[in-house]
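# Quick one, structure for this:
(chains A and B)
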Amino acid sequence: MPDTSNSDAFVEFERVQKSYDGVQLVVKDLNLTMPKGEFLTMLGPSGSGKTTCLMMLAGFETATHGDIRLDGRPINNIPPHKRGIGMVFQNYALFPHMTIAENLSFPLEVRNMGKSDREAKVKRALDMVEMGAFGGRRPAQLSGGQQQRIALARALVFEPELVLMDEPLGALDKQLREKMQFEITHLAHRLGITVVYVTHDQTEALTMSDRVAVFDDGRIQQLAPPDELYEKPQNSFVAQFIGENNTLEGTIREIKGDRCVVQLDDGGLIDAKPVNVGTVGERTRVSIRPERVEINKDRLQEGAHTLKAEVLEFIYMGDIFRTRLKVAGNDEFVIKTRNAPDQVRLEPGTQIEIGWLPDDCRALDAPK
Amino acid sequence: MTDAATEPDKVTGPTPDNALRAADKEDSGPVLAADGTPLKRSLNRALRAQKIRALMLIAPLLIFVLVSFIAPIGDMLFRSVENQIVRDTLPRTVAALADYDAASGELPRDEVFEAAYYDVFFAAERKEHTRLGSRLNYEKTGASSLFRKSGRGIDDIGEVYLDQFEDLDENWDEARPWAELMGDPDWIAAQDAWNGNGSMPEFELRSDISDILPRTAETYEIFARFMQTEEGDSPLEEEPWSVVHTALYQDLAEGDVSGYTGPRADMLQAADALVASADFQTIAFRDGFEEIDEDWVAPEIWQTIKTYSPAYTSGYFLNSIDMQKTAEGPALRDEDERIYGLLFQRTMFMSLVITLSCILLGYPISYLLSNLPASKANLLMILVLLPFWTSLLVRTSAWKVMLQQQGVINDTLVWLGLVADDARLTMINNQFGTIVAMTHILLPFMILPMYSVMSTIPPSYVRAAKSLGATNWTTFWRVYFPQSVPGIGAGSILVFILSIGYYITPEIVGGTSGIFISNRIAYHISSSLNWGLAAALGSILLVVVLVLYWAYDKIVGIDNVKLGG
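Okay, the predicted model is just below:
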């Protein structure tokens, strides 16, 4: 078998499949390459296969088919304790019968490290997460955020090059979660470790990662940096899953370079950018971000198509206004406008015209 | 000069500890409710109705437990020291023995025999002498038959005097003259008038008769009252017991009745003259007792009575630790009489072995159960619980079939040629049989708490340990096992305490070398009827269990015992 691995790849999944029951594939043909030092997030709804991928990488599940390589070395048959991968669990999994210091010392002890080395490393790891004074406590005496830091320190104390995190912030409240998101990314970049992070929270994925792999139905739907993922979703699942999104369905009438004209189901015509479409006459679903919808006709290009819309609801949200419209039969069409002195507040019942730049309207695959 | 590392308490922020500390600080003064009463008091008032309702809900169970559990235990503890029977049955003897030195090895003074004569006579009339005999028989073999014999023979002493007085004057063996001599005239009139309905007028002594014939008056009064209350007969129609004649002899021999002028004065004075005459026959009490049984003139019975005369005794407890009360104080029994120490040791040791076997057999099953999917775990659980639903007697008898010399296991071993036919293994009626059968019976009590604790250990701990680099064994030993210890603890306490008091199984398969202390307790309850000793053994067992429980709490901590999630 020829060596197809990338030379700077640190973690590699090659044609990996996983089935639990021999009937259904939970992971279908996964291919993924990560360079060293990258912070990669696996994002997806529950049941999309992201946690299974993480467990296969950690060694708690075996791949039904395909190769997983770590630093060029196949690890399919290496038991978890020999992989040297740090892991942070959803509920921290701090050993309740050991003190914090004992918890941190555990991975060093099983590596037969001397006592003084251990103590020095434990102290350094505790200081790293600013928990130096808590070594003598038990996990139950700490708050959720503190336990989270300890779990992080324990996964890092034996200096693994790869750290896996399985929804580590899921149990924290919003404020603490945001704080920890920054701390984890800073720490990861400072230490230069490679991180595979699993979450179902898209904000977390977007703010923390170098790249995000969006999972659905056992496949990676798109693997891209956060901005690209948001701005340029490759298919309608990603567009729908990441951020808020308006969709309209119709048929392609004309394709001209990076422009196409789509006839909506109620007859209206709109301009769009063909991204993931077939030929003229096929169905498509167009996607427009709420903040890219323009209600001021002066700002639109000459000759651009516009659509009639009826204002259904106006919601004041502080920094932005959120307005729900009925457009081409879709009454869940949302636009967001910035709260500025000159911004109009749209009254429900008003008839308006809306439009957008063709680049902001992406024609994607139609749902089956 | 402190730094944060040495003073974790300085950490500010919302940790649980800080919240507790803040709550403590609030305690500086009583918090007042809106109406100015202390908050605690108004809270108590608000909760009172709730508390009363809670109490009502548990009241039936509480009463049931008090009546059926606490009270019998209290009664048992009391029985193990209670010893009023000697004092109640032989009051005069106990009093007369007060200055008797049991260690001297001599017979007590004559006054003691005199007191014993009256006591045994009354006890025999009341039929209480056999009960006392059985009680003293626990301490001194032969006491039971001695007292039974004495009950029959004690009359002989009084007969000597009765016959002589009767020969002198027939009236001395008649009811009416005695009643006139001893009874108050008003009472006699009332008793004569009594028509058999309602209660009899209570017998009263004549006013001055006690001064002239003190012993006679006392014994006659006892006789008369006994006739009235116990037999329902009129003393006017019943001839007195011979003990009254003995008392009369004693009074006449000591006192002077020449000045007596009351009813039957001439009859009494004639008797006085007879007693004073040279050919009047007397019998010393000691000789009388000797005639009944030689044992009465050996010091041992008197020592036993003396030793057990107090109302409360440590004798039962001394017995149950292979000691006995002797004249010189508590002493160890002879080596061949010691059984309870050995039985206690064996009970503890075998319970320990049973507990350990249950841990060894139950741990892997519980581990498997807690890691299986629910449907399979339930099926296995039914198999575990199956013994619970089978009668204890049936299971134990099944072990008898399995283990006996002509049983299934031996037959199979012989058939396989592993054991010679003439050297079949002895697996029953010994400790081995008891341990095997009891381990089987008590295993569910170990598995259930272990299983419920193990199923609360999240699998992420094991995964975490492995991801941190621990081998399977280290993961088990350092991470899984310590968290399953509360289950082992709970199971061990259950199994140990249950087995330490187990009775049926050792009784059936234990033979002589495999029985427990509880079998001995049962023997004393139902066969030897020595309830005091049974109570003392039971109390010791109770204390041992409580001490073990206390020690377990000190070592493992009772908070660490979990019966479930």
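
# gap between stretch B:97-114 and the chain center?
30 Å (CA atoms, centre = their mean, to the nearest Å).

# for it, how far is the first residue from the last?
Distance across stretch B:97-114, first residue to last, is 11 Å (CA to CA, to the nearest Å).

# Ok, stretch B:117-136 next?
First-to-last residue span, stretch B:117-136, CA to CA: 18 Å.

# Give me the residue ranges of the chain where confidence is low.
You didn't say which chain, so I picked chain A. A:1-7, A:303, A:368 (pLDDT under 70).

# Not quite, go with chain B.
Within chain B, the stretches with pLDDT under 70 are B:1-30, B:560-565.

# Which stretches in it count as strands?
Remark: strands assigned in chain B by DSSP state E are B:323-326, B:329-332.

# Out of these, which is closest to chain A?
Nearest to chain A among these is strand B:323-326; the distance by CB to the nearest CB comes to 45.8 Å. Where you see a C-beta, it was placed from the backbone N, CA and C, and this is true even at glycine.

# okay, now the residue of the stretch 201-350 of chain A found nearest chain B: neighbour count?
Residue nearest to chain B within the stretch 201-350 of chain A (CB to the nearest CB): residue A:201, separated by 19.7 Å. Look at residue A:201: counted by other CB atoms under 10 Å in any protein chain shown, it has 16 neighbours.

# Please apply the same query to residue A:15.
13.

# And what about residue A:272, helix, strand or coil?
Residue A:272 carries the three-state label strand when classified by DSSP: H, G, I helix; E, B strand; the rest coil.

# Contacts only, for it.
By CB atoms under 8 Å, 6 or more residues apart in numbering or on different chains, the contact list for residue A:272 reads A:259, A:260, A:261, A:262, A:284, A:286, A:358, A:361, A:362, A:363.

# for the last one, helix, strand, or coil?
Okay, so that is residue A:363. Secondary structure, three-state DSSP: residue A:363 is strand.

# In the sheet, which residues pair with it? Tell me.
Assessed by DSSP bridges, residue A:363 has beta-bridge partners residue A:274, residue A:286.

# Residue A:270 versus that one, what's the distance?
In this view, residue A:363 and residue A:270 are 9 Å apart by CB to CB, to the nearest Å.

# The second one now?
Distance of residue A:260 to residue A:270, given as CB to CB: 10 Å.

# could you list every residue that touches the residue nearest in space to the middle of chain B?
Nearest to the mean C-alpha position of chain B, by CA atoms, centre = their mean, lies residue B:535 at 1.9 Å. For residue B:535, the contacting residues are B:76, B:77, B:78, B:79, B:80, B:316, by CB under 8 Å, 6+ apart.

# In helices, which of those appear?
B:76, B:77, B:78, B:79, B:316 (DSSP state H).

# which parts of the stretch 101-250 of chain B sit against chain A?
Contacts of the stretch 101-250 of chain B with chain A, taken as CB under 8 Å from any CB of the partner chain, are absent.

# all helices for the stretch 101-250 of chain B, in order.
Applying DSSP state H, counting those that start in this stretch to the stretch 101-250 of chain B gives helices spanning B:110-125, B:129-137, B:143-153, B:155-168, B:175-182, B:185-193, B:209-212, B:214-226, B:242-254.

# quick check: domain ranges of chain A?
Recorded structural domains for chain A (assignment: automatic domain parsing) are A:9-236, A:244-364.

# most packed of the ones you listed?
Highest mean neighbour count among those (mean count of other CB atoms under 10 Å in any protein chain shown): domain A:9-236, with a mean of 19.

# Now do the end-to-end distance for that one.
Terminal-residue distance, domain A:9-236 (CA to CA): 29 Å.

# Stretch B:518-535 now?
End-to-end distance of stretch B:518-535 (CA to CA): 11 Å.

# where's it relative to the chain centroid, distance-wise?
8 Å.

# cool, and stretch B:502-516?
The chain centroid and the centroid of stretch B:502-516 are separated by 22 Å, computed with CA atoms, centre = their mean.

# Buried ones in that stretch, by neighbour count?
Within stretch B:502-516, the residues scored as buried using 16 or more other CB atoms under 10 Å in any protein chain shown are B:502, B:504, B:505, B:506, B:507, B:508, B:509, B:510, B:511, B:514, B:515, B:516.

# Tell me the one of the residues you listed nearest residue B:464?
For the buried residues of stretch B:502-516, the residue nearest residue B:464 by CB to CB is residue B:502; the value is 42.0 Å.

# which residues sit in contact with the closest one?
Neighbouring residues of residue B:502 by CB under 8 Å, 6+ apart: B:438, B:516, B:518.

# Cross-check those against chain A and keep the overlap.
Within the contacts of residue B:502, nothing lies near chain A by CB under 8 Å from any CB.

# Out of the residues you listed, flag the one nearest to residue A:215.
Checking these against residue A:215 by CB to CB gives residue B:438 as the nearest, at 56.1 Å.

# The closest one and residue B:353 touch, don't they?
No - look at residue B:438 against residue B:353 with CB atoms under 8 Å: they stay out of range, at 9.4 Å.

# out of those two, which sits in the more crowded spot?
Higher neighbour count among residue B:438 and residue B:353: residue B:438, with 30 against 16, using other CB under 10 Å.

# Tell me how far the more buried one lies from residue B:432.
From residue B:438 over to residue B:432 the distance is 11 Å, taken as CB to CB.

# again, but for residue B:543
For residue B:543 relative to residue B:432 (CB to CB), the value is 29 Å.

# which one of the two has more residues nearby?
residue B:432 (16 against 11).

# which residues touch the more buried one?
So residue B:432 contacts B:426, B:514 (CB under 8 Å, 6+ apart).
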